Structures are given as structure tokens and as C-alpha cells.
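[1] With the input below, show me the fold.
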Amino acid sequence: MKVFLSCIFFSLSLMFVPPLLTAEEDILYEVQPDSIPGAFDISAADYIKAGERDLSVGRSLRLAHISDIHHYASSLYDEDSPVFERFSYNNEGRTVLYTAEILEGLKAELLQREIDILLVSGDLSVLGAKATHQEVARIFKNYERSGIRVLLTTGNHDINNPRAFRITYEGTENTDSVSPAEFRGIYKRFGFEEAVLEHDESLSYLTELEPGFMLLALDTSYYQDNYRYNHSAAQGIIIPSLYDFAADALEYAEEHGADVIVMSHHNFLEHYEIDFDLSNFMVNDEGKMLRMLEAAGVHLALSGHIHKSDIKQNGPGSDFYSAAVTAFSQYPHSYRLIGLDAEGAGINEFNLNTGLDKESRHEILTNSWYIYYRRNFLEQYLRLLDKHSEAQAFDMAEYFFLANLYSQQGLEDYLPEYIEESTGAKLFIISDSFMKGFAAALPLDSPPMDRNVELKW
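    Here you go, the predicted structure:
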């Protein structure tokens, strides 16, 4: 059986067409450059409108935000190892081979855009290995040398990770992860040392961004019992003493006449319009911290973890917005630019582009696109074959793949009707797949726009 998908993909202000890619089960993925019948089917006018103008320009504070780098230190693997090949292609859609290069490309683009603050909301590593954290710190020191200040927080992969390993040619070997104290020591210059307030029971801190603006970085990761249960907990928590620290931090900011931006790995609001358990992606405290932040006049909380770009308002009339950004480690390697002032924010999302030379960009995007395809089409197709015919499994996997690509990039409003009403979408509705509800929710989005938006408060 040979199956062909026809799609064309855009990086902002750049059209990138991957080559023919071959996968298992004799399924072929082919790009047809002479038509736009697939993902990112956006008219030229709408495409320009969606991403051409940098909405952060002219604001009092401009910064960039990324999340979920999922780096894996080059010292931890043999690139020729078949074990590493399997690991790199089966890593939940994340690229691990080129993260150092894409971070270098991001630095170049931020310098081009005259951005001098980068916020990183956790999952710096894929497996929490100490060697990985040390390598990420070296990369960010180079950002500092170039004039870009980096401020970061923890993610669920980063600390006390019992799965930290190195890859040899023959297999894997355990390696050291990091404790909370070691994490702080490695990254001390990226928020902790310059903090005006630091929480002594977590890795939370308050620091000044610029006069009139402060960052409250909240450590929402639950790593205390990772070794006990032999896995990294995905859900977010607020330990009891963190409420008092947050209250003190908010009071300090008010006394100093500063607006507060919050950054955490986990999300304060749900970023899928779905009747589905999203607790693994949330700060699980029944909204207590959210209510505290909103009552204190916080307008914007930045997060990641869910690998989806989405901006959510806390109900009609609320001035509190949760802005999650997709994983920087997965295709097409997106980052946010945010401009803030007393009246509101201008937020854009861009795909990594001019920071990489043409040859490197082609190589990296080909690799990350293939990984994304395997994760979101091929794996779905093979799973669906258990209960569906080949034709049905293909139609359903194709719908999931395309709709998910739009959703993760915050482009639900541009999803073509022929995808939303495709045979695959209809088959999901009547199926008993455990992904049924998730697949149905992919086209859904509540205001405001996610990718390029001006917020008022």
C-alpha cells in the first residue's frame, strides 16, 4: 500500500518544502509544491496579516518567550548508535539532535529584532541529566555575552529525573540528574542570583525586568517523589509556603510601583476546549493561586508544558490572560515576542527562520518535520489499524495530523473547512477511540486570537 499526503508548509516570511520522506509500513509522505491542499492553507493576505507586523514594537517592555526546549547533551549519546536513532525519532515529536543549533538560530533572530530579554518556562532538558543542564547553561551564557538576558524556571523533566541516561552504541546507561539545589547552582545567573526575593522552599523568585515591570517565576513542578515512584510527575502543584511567598512578592512589586508578569511551566487555565482530563498540564490547586494573582492585578501568566500555543482569558470581562507557547523543540520551532505597557500587550508568534542559514534550516526542518509526522500521523495510523480498515485509519490519522498542526500553532481560526469536515473527522466522532474527544476539540478555540493579538486591560 502506498499513500500520499499533499501539503505545503510555511515558516513566517519563508516557504519551506521538505523532501520526500519514507516511513514504516510502506507509507510515503510527499509534498506537492504546486498546490496548497493541506496544512497551513492560508491565503496570502491572511498570512501576511497573521504574522507580518511585530506587535511588540513601541511598547515599554519587549521580551521573547519560549518553552520546552527538551535539550539532550551531545556528550550523552553516540550519534551513530541505532539506540540513539530510535530515541531521536520516537521522542514524542520533539527533536533532540538540533536543539543547540536552533537555540543559536533563536539568538540571532532576537538580536535582529533587538530583543534583549528571553524567558524560558521550563523543560530545559528531555531527561533531566546534569550534563544536559550544564550544556544548556553554557548556551545561555553565550546569550548573555551577546547582550540577551535569560530568565528561566523549572519543568517536570528537569529535576530528580530517575530516567536520566546516556546512550551508548549498544544501549543505555544511567547518569546523574540534578537536585533542586544543583539546578539552582547550574542556572544561578539566569534569574536566581539577581532576584529581589527568593523562595527558600522552591525555585521560585521575583526579579526586576525593567523599571516598572517584575517577573514572578513560580516553580510549579512536582519533583519531590520522582525517585520514589520512578518517574517524573507531569502535574503541577503549589506547595503551601509558596502562597505566602507569592503574596510577599506581589506586595513588594506593588510597593515599588511595578506590574508583575508571571512565568511557570504549568498552566493556570485550560488551553483545550475539551471535556477531557487536563490535570497533568495544570497548576492543580483549585484556582487558589490564580485568584490571588488576579486579585493583585496580574494580567499575564506565561507557561508551556502543553506543547500548544494558546492564549486564554479567565472568563468574559477578566483582565487575566494565560499565554501558553508551543514546544520550541518541535516543528516548526516557534517563539513568542511580547510587548507590554500599562494599557495592554502586543503578542506575536514567529517560526524560526532567518537565524539559520539556508542549508542548516533545510536540514533541521527536514529532521523535525519527519519526527512530527511520525508522531502525529504515522503513530496514529498504526494505532487506529487495530479497530479500523486501512482507508479509515488513514483518513482519521490525516485529520488528526493536520488539525493538530493548526491547533498546536494557535491557528485554529485558519483551519480549512475541508479538514474540519473531512471523512477522518467524521469517523472520529462515531469511533470509540480514546482520542475521540481530543480529536474533536482540535478545531475549537475561544477568544482571543492565539498567534498575533493585542490585549487591552
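[2] next one: phi and psi at L415?
    L415 adopts backbone torsions of phi -60, psi 120, taken as degrees, to the nearest 10.
[3] Chain neighbours aside, what residue packs nearest to it?
    Y406 (4.7 Å; C-beta to C-beta, 6 or more residues apart in numbering). The way it works is simple: take the backbone N, C-alpha and C, and place the C-beta from them, glycine included.
[4] wait, is the one you found part of a strand?
    No. Y406 is assigned helix when assessed by DSSP: H, G, I helix; E, B strand; the rest coil, not a strand.
[5] Pull the contacting residues for V120.
    Contact partners of V120, counting by C-beta atoms under 8 Å, 6 or more residues apart in numbering, are 65-67, 69, 150-153, 190.
[6] again with S318
    Listed by C-beta under 8 Å, 6+ apart, the contact partners of S318 are E294.
[7] again, but for H388
    Taking C-beta under 8 Å, 6+ apart, one finds 396, 427, 431 in contact with H388.
[8] Kindly report the same for V453.
    Listed by C-beta under 8 Å, 6+ apart, the contact partners of V453 are 55, 311, 346-347.
[9] Can you list which of those residues are found in strands?
    With DSSP state E as the criterion, strands contain 311, 346-347 from among these.
[10] Neighbour-wise, give me the winner out of those residues.
    I347 (28 neighbours; other C-beta atoms under 10 Å).
[11] Poorly predicted segments of the stretch 51-200 of the chain, please.
    The model of the stretch 51-200 of the chain has pLDDT under 70 over residues 51-52, 92-93.
[12] Just the helices from it, written as ranges.
    For the stretch 51-200 of the chain, the helices defined by DSSP state H, counting those that start in this stretch cover 82-89, 99-112, 130-145, 180-186.
[13] Is it possible to get these out as a markdown table so that each row also shows distance to H157 and mean neighbour count?
    Shown next, in a markdown table, are those (distance: least, C-beta to C-beta, whole Å; neighbours: other C-beta atoms under 10 Å):
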| stretch | distance to H157 | mean neighbour count |
| --- | --- | --- |
| helix 82-89 | 14 | 16 |
| helix 99-112 | 13 | 20 |
| helix 130-145 | 10 | 18 |
| helix 180-186 | 12 | 17 |
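[14] Could you export those helices as CSV, including distance to Y169?
    Listed next are the helices of the stretch 51-200 of the chain as CSV, based on distance: least, C-beta to C-beta, whole Å:
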stretch, distance to Y169
helix 82-89, 7
helix 99-112, 22
helix 130-145, 18
helix 180-186, 28
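[15] Kindly provide the distance from F192 to R138.
    From F192 over to R138 the distance is 17 Å, taken as C-beta to C-beta, to the nearest Å.
[16] I meant V325, not that one.
    For V325, the distance to R138 - C-beta to C-beta - is 23 Å.
[17] With R138 as the reference, measure out to the most centrally placed residue in the chain.
    Nearest to the mean C-alpha position of the chain, by C-alpha atoms, centre = their mean, lies A327 at 2.3 Å. Distance of A327 to R138, computed by C-beta to C-beta: 21 Å.
[18] Kindly report the same for N174.
    For N174 relative to R138 (C-beta to C-beta), the value is 23 Å.
[19] The chain - how does it break down into domains?
    Listed by automatic domain parsing, the domain ranges of the chain are 9-49+359-441, 51-351.
[20] Would you convert those into CSV that also reports distance to P448?
    Shown next, in CSV, are the domains of the chain (distance: least, C-beta to C-beta, whole Å):
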stretch, distance to P448
domain 9-49+359-441, 10
domain 51-351, 6
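[21] winner for burial among these?
    Ranked by mean neighbour count, those are led by domain 51-351 with a mean of 20 (mean count of other C-beta atoms under 10 Å).
[22] how far does it sit from the chain's center?
    9 Å (C-alpha atoms, centre = their mean, to the nearest Å).
[23] can you give me the strands for the stretch 251-400 of the chain?
    259-263, 300-303, 310-313, 321-324, 334-341, 344-351 (DSSP state E, counting those that start in this stretch).
[24] Now render these as JSON lines, adding distance to K436 and mean pLDDT.
    Shown next, in JSON lines, are the strands of the stretch 251-400 of the chain (distance: least, C-beta to C-beta, whole Å; pLDDT from 0 to 100):
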{"stretch": "strand 259-263", "distance to K436": "34", "mean pLDDT": "99"}
{"stretch": "strand 300-303", "distance to K436": "26", "mean pLDDT": "99"}
{"stretch": "strand 310-313", "distance to K436": "21", "mean pLDDT": "97"}
{"stretch": "strand 321-324", "distance to K436": "23", "mean pLDDT": "98"}
{"stretch": "strand 334-341", "distance to K436": "28", "mean pLDDT": "97"}
{"stretch": "strand 344-351", "distance to K436": "29", "mean pLDDT": "94"}
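[25] need the contact list for L110.
    So L110 contacts 64, 116, 118, 148 (C-beta under 8 Å, 6+ apart).
[26] do that again at 6 Å, thanks
    Contact analysis of L110 by C-beta atoms under 6 Å, 6 or more residues apart in numbering lists 64, 148.
[27] follow-up on the earlier one: ok, the contacts of V120 vs L97, which is closest?
    I69 (13.1 Å; C-beta to C-beta).
[28] Next, the closest one: phi, psi?
    phi -70, psi -40.
[29] List the contacts of it.
    Counted by C-beta under 6 Å, 6+ apart, I69 has contacts 99, 124, 328-329.
[30] change it to 10 Å
    I69 makes contacts with 94, 96, 99-100, 102-103, 106, 120, 122-126, 132, 136, 139, 152, 155, 157, 304, 327-329, as judged by C-beta atoms under 10 Å, 6 or more residues apart in numbering.
[31] From H133, how far off is it?
    11 Å.
[32] Look up phi and psi at E210.
    phi -150, psi 160.
[33] That one and G339 touch, don't they?
    No. Judged on C-beta atoms under 10 Å, E210 makes no contact with G339 at a distance of 12.0 Å.
[34] re earlier: which member of the ones in strands among the contacts of V453 is positioned nearest A234?
    Ranked by distance to A234 (C-beta to C-beta), the ones in strands among the contacts of V453 are led by I311 at 22.2 Å.
[35] State the helix or strand in which the nearest residue to F276 once chain neighbours are set aside lies.
    Once flanking residues are discounted, F276 sits nearest to G437: 5.1 Å by C-beta to C-beta, 6+ apart. Taking DSSP states H and E as the criterion, G437 maps to helix 436-441.
[36] Now do that helix: which elements does it pack against?
    On a contact count with 3 or more C-beta pairs under 10 Å, 6 or more residues apart in numbering; DSSP states H and E, helix 436-441 meets helix 390-408, helix 423-430.
[37] Turn those helices into TSV, columns for mean pLDDT.
    TSV is the format used below for the helices and strands packed on helix 436-441 (pLDDT from 0 to 100):
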stretch	mean pLDDT
helix 390-408	92
helix 423-430	96
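[38] Redo these as a markdown table? Include distance to Y372.
    Formatted as a markdown table, these follow (distance: least, C-beta to C-beta, whole Å):
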| stretch | distance to Y372 |
| --- | --- |
| helix 390-408 | 8 |
| helix 423-430 | 18 |
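[39] Show me the one of the ones you listed that comes nearest E251.
    Checking the helices and strands packed on helix 436-441 against E251 by C-beta to C-beta gives helix 390-408 as the closest, at 37.4 Å.
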